[in-house]
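Asks: Okay, predicted coordinates and the sequence, questions at the end:
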Amino acid sequence: MANIFLTNFNVMNRQSTRSSCRGKWGLARGREREREMVHFVLVHGLGHGGWCWYKVKPLLESAGHQVTAIDLAASGINMAKLAEVHTMSNYSQPLMELMDSLPPGEKVTLVGHSLGGYNLAIAMDRFPHKISVAVFLTAFMPDSTHSPSYVLDQFMERIPAEGCWLDTHFSSDLDPVMPKTTVLFGPKFLAFKLYQLSSSQDLALGETLVRPGSMFIEDLSKGKAFSKEGYGSVNRVYIVCKKDLVITEDFQRWMIENDPLKEVMEIEDADHMAMLSKPNELCFCLLDIANKYN
């Protein structure tokens, strides 16, 4: 892999526990090799798959870490069909199987993007002793007070009714017992809302590989709140992407205020797909987090 360099190595911690990530990759890579190996587990967002981490995975691995980029059920190259995936727990099953398979004593750094924040929450509730830190990358972050669907309900209420979803296609699952709303992002939505600062090549990749998915709001609305003993006991860090046009900065900060956490980091010019538009800055955030919490 070609050497990748950035400018202005300067990770700034503030008293407000906010920091921004910039840096020169070569310097950080050498330092990381002197530190203990961390196992990063990368969880994609709605409609995407493990493929969307293709820039970040080799960067973290070149710093000496283990990286697993999973495909959730009916996502990426996972062979399940969406019609067979009825609940958020079903959707999260590949992550649960990975967590269950970890050797005794091993802890991972979980990173969840977008809807992947909910998959993290389920893993945190079930396996808090196996997680060093959970990182929410411009992700939906539930609390341990309200119904699991609360944050998504707030998001749907606050998002503009017209003009936001563009050519995204919504449809209703006809399952009489466990209905769900399915979502397929259209090319205009991908180009102008999710990938607007990403390269044309990455946009083309997304247009080719994005699959239908669901936010499983109907299922989450019936569930119990995530527990303080499980979910609430795990270290949490939020990475704010300031140019996200879908989960906007204002809504990201609302979630942070709704359920305060250990630390907030920022990536200045990242769109929703920060792993594609700002992979180096994201890696600096993740390496800094891993060094602090492992």
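Replies: Thanks, I have it.
Asks: tell me which element the most far-flung residue of the chain relative to its centre is part of?
Replies: In the chain, residue 176 marks the outermost C-alpha relative to the chain mean, sitting 30.7 Å out by CA atoms, centre = their mean. Assigned by DSSP states H and E, residue 176 falls within no helix or strand.
Asks: Report the separation between it and residue 74.
Replies: 20 Å (CB to CB, to the nearest Å). Glycine gets a C-beta too; all of them are placed from N, C-alpha and C.
Asks: One more: residue 131?
Replies: 24 Å.
Asks: more neighbours, those two?
Replies: residue 131 (24 against 20; other CB atoms under 10 Å).
Asks: Quick check: closest non-adjacent residue to that one.
Replies: residue 234 (5.1 Å; CB to CB, 6 or more residues apart in numbering).
Asks: List the contacts of the one you found.
Replies: 124, 128, 131, 133, 134 (CB atoms under 8 Å, 6 or more residues apart in numbering).
Asks: Would you state the predicted confidence (pLDDT) at it?
Replies: Note for residue 234: predicted pLDDT of 98.
Asks: Can you point out the helix or strand that includes residue 90?
Replies: helix 88-91.
Asks: tell me the average confidence for that helix?
Replies: 97.
Asks: helices or strands up against that helix?
Replies: helix 116-126, helix 217-220 (3 or more CB pairs under 8 Å, 6 or more residues apart in numbering; DSSP states H and E).
Asks: And the longest one, what does it pack against?
Replies: Okay, so that is helix 116-126. strand 39-43, helix 88-91, helix 93-101, strand 108-113, strand 131-137.
Asks: In JSON lines, list the ones you listed along with distance to residue 119.
Replies: As requested, the helices and strands packed on helix 116-126 are exported to JSON lines (distance: least, CB to CB, whole Å):
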{"stretch": "strand 39-43", "distance to residue 119": "5"}
{"stretch": "helix 88-91", "distance to residue 119": "7"}
{"stretch": "helix 93-101", "distance to residue 119": "5"}
{"stretch": "strand 108-113", "distance to residue 119": "6"}
{"stretch": "strand 131-137", "distance to residue 119": "10"}
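Asks: so of these, which one's packed in deepest?
Replies: Ranked by mean neighbour count under mean count of other CB atoms under 10 Å, the helices and strands packed on helix 116-126 are led by strand 108-113, which reaches a mean of 27.
Asks: distance between the ends of stretch 225-245?
Replies: Stretch 225-245 has its terminal residues 28 Å apart, counting by CA to CA, to the nearest Å.
Asks: In that stretch, which residues are buried?
Replies: Neighbour-count burial for stretch 225-245, counted by 16 or more other CB atoms under 10 Å, picks out 225-226, 230-232, 234-245.
Asks: which residues does the residue nearest the centre of the chain bridge with?
Replies: Central residue of the chain (CA atoms, centre = their mean): residue 113, 1.3 Å from the mean position. For residue 113, the beta-bridge partners are residue 137 (DSSP bridges).
Asks: From residue 106, how far out is it?
Replies: For residue 113 relative to residue 106 (CB to CB), the value is 23 Å.
Asks: what's the distance between the closest residue to residue 203 other than its chain neighbours and residue 202?
Replies: Excluding the flanking residues, the one nearest residue 203 by CB to CB, 6+ apart is residue 195, at 4.5 Å. Going from residue 195 to residue 202 by CB to CB gives 6 Å.
Asks: which residues do these two both contact?
Replies: With CB under 8 Å, 6+ apart as the test, residue 195 and residue 202 both reach 273, 276, 277.
Asks: Give me the neighbour count for the first one.
Replies: Using other CB under 10 Å, residue 273 has 26 neighbouring residues.
Asks: With residue 165 instead?
Replies: By other CB under 10 Å, the residues close to residue 165 number 18.
Asks: hey, what's residue 66 bridged with?
Replies: Assigned bridge partners for residue 66, using DSSP bridges, are residue 39.
Asks: That one and residue 37 touch, don't they?
Replies: Yes - Residue 66 lies in contact with residue 37 (CB atoms under 8 Å); the separation is 6.1 Å.
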